[in-house]
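Asks: Have a look at this prediction, sequence included:
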Amino acid sequence: MMNQNQVNFHVQYQDITSQHWSFSSEKFAGGDHLLTALSRGWEIDEKVQLERHWFAGMRCIEIFHFTIQRDDKIVDMPVVGNPYVYRFIRTHSIEILEDEQPA
């Protein structure tokens, strides 16, 4: 598990500490939810599962399944891909594990 210093993210995302996400009420999280979790003491695994959803075989939405952990609680946080999330993954050398499902 990786623990990040969330102070470094303030220049990249405006308000990172107020976007609570709950797996029981929201199917997907955003990059801001991930950063809020990090600022609240959650740690992320260094491997992320990538899931692609294709629409009409032409348009794709990417969902990154981050495994987050705090104390003895482990949660799958599905985060919708966007330029910020792509940069976060790239700059933190997170390994992406891709689904083998065809388009």
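Replies: Alright, I've got the coordinates. Numbers count the residues shown, from 1 in each chain.
Asks: mind listing the strands for the protein?
Replies: Secondary structure of the chain (DSSP state E): strands at 43-44, 47-55, 59-70, 73-80, 95-98.
Asks: Of all these, which one comes closest to His33?
Replies: In terms of Cβ to Cβ, the element of those nearest to His33 is strand 73-80, at 7.1 Å. The way it works is simple: take the backbone N, C-alpha and C, and place the C-beta from them, glycine included.
Asks: mind saving the C-alpha coords of that closest one as CSV?
Replies: Output in CSV follows, covering the C-alpha atoms of strand 73-80 (Å, rounded to 0.1, in the frame of the first residue of the first chain):
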residue,chain,number,x,y,z
LYS,A,73,-11.1,-2.0,6.3
ILE,A,74,-10.5,-2.6,2.6
VAL,A,75,-12.7,-1.0,-0.1
ASP,A,76,-12.9,-1.2,-3.9
MET,A,77,-13.2,2.4,-5.2
PRO,A,78,-14.2,2.5,-8.8
VAL,A,79,-13.0,5.9,-10.2
VAL,A,80,-14.1,7.3,-13.5
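Asks: ok and that strand relative to strand 59-70, angle-wise?
Replies: Using axes from the mean of the first three to the mean of the last three Cα atoms, to 10 degrees, the inter-axis angle of strand 73-80 relative to strand 59-70 is 160 degrees.
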